[in-house]
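[1] Pasting the sequence and the predicted coordinates here, then a few questions.
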Amino acid sequence: MTGDFMTGMEALLKKLVDSPSISGFEENVRDLIKKELKPHVDEIRIDKIGNLIARKGKGDPKIVLAAHMDELGLMVKYIDDKGFLKFDMIGGWDERILPAMKFKIHGSKGAITGVIGSKPPHMQERDEQKTPFKAKDLYLDVGADGKNDISKIGIRVGDFITRDGKFDKMMGSRVTGHGFDNRIGCLVMIEAMKRLKGFKGTVYAVGTIQEELGLIGIRGSVYSINPDVVLALDTTISGDTPDLKPGESGIKLGSGPTLAIKDAVTVVNPRIKKWITDTARKNKIKLQYEVMDGGATDASIVPMIREGIPSGSVLVPTRYVHTPIEVADMNDIEDAVKLVVDAVKSVSGYL
Ligand SMILES: [Zn+2]
């Protein structure tokens, strides 16, 4: 059942989850990726807007593996006289889940714990209990006794607020944590770079910024590298919970990574589809095809960069995406790493 023992990949995923990193404030995850990749790559640089770009090998073909480093969070918007913080949401939140959540507010004097409080059930009218809370009516309590206390602990308007979730093992190979979207993509990228040896060409690991706000970091980084192909490594919605109908999503946990055939922006390049499909078949790696109604990844806009660069998304199924208790299967993560490593090795035949 569950236990304290962790595999190397679980331990690294825990470290990634424990590194607060919301859109616009990605340095914690970036530092960790840098540390992990350093012994395994030829060069690492941080570009002008904060993307991490690690290079391994030289010459053609050039492949980019991209994983966004940011996740959802909040930002301090207003501090009231009693010392409660009003906030703005960063990224695609379901605001109904905000009450009773715990956060860290990153002020100039370090991180402070805060909670989103709400009126206890005893004090609520019947109607109130049936109406979900709205973010604009909620507030964070950091334990302050007035506005003065807030300035003493170094919190100002514009400070970042991250979720205070943690990583836990569940039954078998299942794990839970916050920010799996996209610490899992970062983990797949790191592991693939570690395992890639003796291929011809150059592989770049790119940790992108502000994906959740509109695929911000990928544009300049891919423009500057000018690669032959880009694979975005990210998470996707697993459709195997009781509240999703099979017709809405056929994606299952434990059935391998997915290849996004279509998302809200684009349809996958046919050569990429063949490349990833052949790689999975030849190496006996499970692969699910995914047709998404909504959602996009860093790969979605890559066909619009420069003259158009072919791209695809290799995604790890995750339940409860964008909540602090996302659930994934370590076997899918391992399969995603294998798929990416084998794909990089065979890319020449598909360009
Ligand atoms: Zn994502």
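    Nice, thanks for sending it over. Numbers count the residues shown, from 1 in each chain.

[2] Give the residue spans of the stretch 1-150 of the chain that score low on pLDDT.
    For the stretch 1-150 of the chain, the stretches with pLDDT under 70 are 1-3.

[3] and with 50 instead?
    Along the stretch 1-150 of the chain, the model assigns pLDDT under 50 to residues 1.

[4] hang on, residue 285 packs against residue 337?
    No - assessed by CB atoms under 8 Å, residue 285 is found out of contact with residue 337, at 9.8 Å. Backbone N, C-alpha and C define where each C-beta goes, glycine included.

[5] out of those two, which sits in the busier spot?
    residue 337 (25 against 21; other CB atoms under 10 Å).

[6] List the contacts of the residue nearest to that one when sequence neighbours are not counted.
    Nearest non-adjacent residue to residue 337, counting by CB to CB, 6 or more residues apart in numbering: residue 191, 4.4 Å away. With contact set as CB atoms under 8 Å, 6 or more residues apart in numbering, residue 191 has these partners: 9, 12, 337.

[7] Can you classify the first one by secondary structure?
    Just to be clear, that refers to residue 9. helix (DSSP: H, G, I helix; E, B strand; the rest coil).

[8] tally of neighbours for it?
    17.

[9] looking at it, residue 50 is touching residue 209, isn't it?
    Yes - here residue 50 reaches residue 209: they are 4.7 Å apart, a contact under CB under 8 Å.

[10] Could you pull out the residues contacting both of the two?
    In terms of CB under 8 Å, 6+ apart, residue 50 and residue 209 are both contacted by the residues 26, 217.

[11] Between these two, which has more neighbouring residues?
    Taking other CB under 10 Å, residue 50 and residue 209 do not tie; residue 209 has more neighbours (26 against 20).

[12] got the contact list for the more buried one?
    Residue 209 touches 23-24, 26, 49-51, 68-70, 216-217, counting by CB under 8 Å, 6+ apart.

[13] Phi and psi next, for the residue in the stretch 1-150 of the chain that the ion sits nearest to.
    Nearest to the ion, among the residues of the stretch 1-150 of the chain, is residue 68, at 5.6 Å (CB to the ion). Main-chain torsions, residue 68, degrees, to the nearest 10: phi -80, psi 140.

[14] So it versus residue 135, what's the distance?
    With distances taken as CB to CB, to the nearest Å, residue 68 is found 23 Å from residue 135.

[15] More neighbours: these two, which one.
    Remark: of residue 68 and residue 135, residue 68 carries more neighbours, 30 against 17, as counted by other CB under 10 Å.

[16] how about the more buried one, what does it touch?
    Taking CB under 8 Å, 6+ apart, one finds 182, 185, 207-212, 217-218, 234, 298 in contact with residue 68.

[17] and residue 79, how many residues sit next to it?
    21.

[18] SS state for the residue lying closest to it once chain neighbours are set aside?
    Take residue 79 and drop its neighbours on the chain: the residue closest to it by CB to CB, 6+ apart is residue 150, 5.2 Å away. With three-state DSSP as the basis, residue 150 sits in helix.

[19] Tell me if I'm right that residue 150 and residue 141 touch.
    No - if you go by CB under 8 Å, residue 150 and residue 141 don't touch, sitting 11.2 Å apart.

[20] Spell out which residues are contacts of both of these two.
    What both residue 150 and residue 141 touch, as defined by CB under 8 Å, 6+ apart, is the set residue 85.

[21] Near residue 60, how many other residues are there?
    The local packing of residue 60 (other CB under 10 Å) involves 12 other residues.

[22] Name the nearest residue to residue 325, sequence neighbours excluded.
    Leaving aside its sequence neighbours, residue 325 sits nearest to residue 176 (CB to CB, 6+ apart; 5.5 Å).
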